[in-house]
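Novice: Sequence first, then the predicted structure, then my questions.
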Amino acid sequence: MSLIQIENVSKVYQTGEVSVTALNSLSVTIEQSAFVSFIGPSGSGKSTLLNLIGSLDKPTEGKVIVNGVEIATLNRTQSAAFRGSTIGFVFQNFNMIPVLTVYENVEYPLLMLRHIAINERRDRIFTLLDKVGMLDQKNKYPNQISGGQKQRVAVARALVTNPKIVLADEPTANLDHKTAFKVISIMHEMQKEFGTTFIFSTHDPKIVDEAEIIYTLEDGAIVNQEIKTKN
């Protein structure tokens, strides 16, 4: 079974008497350890698709099956537990908690997983902060580090629970070219080392260039697929 199976999925948002179709009978499968980019104009359905995969929303029609779990069958508590054990998130605005240090921001998702001992938490955090080049900044607060450094911390935070999937919604939108490329390189290293599947919603050609599979969305449907040959 594929890691992610999306079968004839539609998502319709209703505002009063107005219906907006964000996804229209979309089907796609994604395998473990993929590096996938969904591209397309604003409003094409990219963020909606990531929200469905991440169990932040449910389809109006069709099935979204992630790691063997059908998203529509989960209640709110089950969805939260599923996200905590399976999904990591990286956002364009970093979403760091300002009153927590770099170390504490990365630790935060682990506090939701009560079975992880303190020593293991510490080892995971130190290992990932070292890999993203932020170990020496571990005691600083978000307002004391740059945007690129915040995004590196966000990558470490997304990976600290050992998720099978990391969803990244425009993760380089607020970064300069050099910093964006460094963040993408870090993600590639994590993909190769941990077998993590990375799924991007993006307009950024730097991410598109690095992606192994590129899906183009228009009006909630996939209109093109490009698979690159691995070196």
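Specialist: Ah, there it is. Numbering: from 1, shown residues only.
Novice: contacts, neighbours, all on C-alpha from now
Specialist: Fine.
Novice: And for Glu218, the neighbour number?
Specialist: Using other Cα atoms under 10 Å, Glu218 is surrounded by 19 other residues.
Novice: Give me the below-cutoff pLDDT ranges for this protein.
Specialist: 114, 230-231 (pLDDT under 70).
Novice: could you show me where the strands are in it, in order?
Specialist: 4-15, 18-30, 35-39, 61-66, 69-70, 87-91, 165-169, 197-201, 213-218, 221-227 (DSSP state E).
Novice: need those strands in CSV with distance to Leu135, can you?
Specialist: CSV is the format used below for the strands of the chain (distance: least, Cα to Cα, whole Å):
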stretch, distance to Leu135
strand 4-15, 33
strand 18-30, 33
strand 35-39, 26
strand 61-66, 32
strand 69-70, 35
strand 87-91, 19
strand 165-169, 21
strand 197-201, 23
strand 213-218, 32
strand 221-227, 36
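Novice: looking at those, which is closest to Val155?
Specialist: strand 87-91 (6.3 Å; Cα to Cα).
Novice: what angle sits between that closest one and strand 61-66?
Specialist: 100 degrees (axes from the mean of the first three to the mean of the last three Cα atoms, to 10 degrees).
Novice: From Asn8, how far out is the most far-flung residue of the chain relative to its centre?
Specialist: Within the chain, the residue lying farthest from the chain centre (Cα atoms, centre = their mean) is Glu17, at 32.5 Å. Relative to Asn8, Glu17 is positioned 25 Å away (Cα to Cα, to the nearest Å).
Novice: Report the contact partners of Glu212.
Specialist: Glu212 makes contact with Ala34, Phe35, Val36, Ser37, Ile227, Lys228, Thr229, Lys230, according to Cα atoms under 8 Å, 6 or more residues apart in numbering.
Novice: my read: the fifth one touches Thr216, true?
Specialist: No. The criterion here is Cα atoms under 8 Å, and Ile227 misses it with Thr216 at 11.7 Å.
Novice: out of those two, which sits in the busier spot?
Specialist: Using other Cα under 10 Å as the criterion, Ile227 and Thr216 rank with Thr216 on top: 18 against 11.
Novice: got the contact list for the more buried one?
Specialist: Counting by Cα under 8 Å, 6+ apart, Thr216 touches Phe38, Ile39, Gly40, Ile222, Val223, Asn224, Gln225.
Novice: For PyMOL, write the selection for the buried entries among the residues you listed.
Specialist: Those of the contacts of Thr216 that count as buried under 16 or more other Cα atoms under 10 Å are selected in PyMOL with:
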select buried, resi 38+39+40+222
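Novice: For the contacts of Thr216, give me TSV that also has distance to Asn119.
Specialist: TSV is the format used below for the contacts of Thr216 (distance: Cα to Cα, whole Å):
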residue	distance to Asn119
Phe38	38
Ile39	40
Gly40	43
Ile222	45
Val223	48
Asn224	47
Gln225	44
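Novice: and of the contacts of Thr216, the nearest to Glu120?
Specialist: Out of the contacts of Thr216, the member with the shortest distance to Glu120 (by Cα to Cα) is Phe38, at 34.5 Å.
Novice: I figured the closest one hits Gly220, correct?
Specialist: No. Assessed by Cα under 8 Å, Phe38 is found out of contact with Gly220, at 11.3 Å.
Novice: shared neighbours of these two, which are they?
Specialist: Common neighbours of Phe38 and Gly220 (Cα under 8 Å, 6+ apart) are Lys46.
Novice: farthest-separated two in the contacts of Thr216?
Specialist: Gly40 and Gln225 (11.8 Å).
Novice: Outside of the lengthiest helix in the chain itself, list whatever touches it.
Specialist: Across the chain, the longest stretch assigned as helix under DSSP state H is helix 177-194. Helix 177-194 is contacted by residues 33-35, 131-132, 148, 151-152, 155, 172, 196-198, 206-207, 210 when judged by Cα under 8 Å, 6+ apart.
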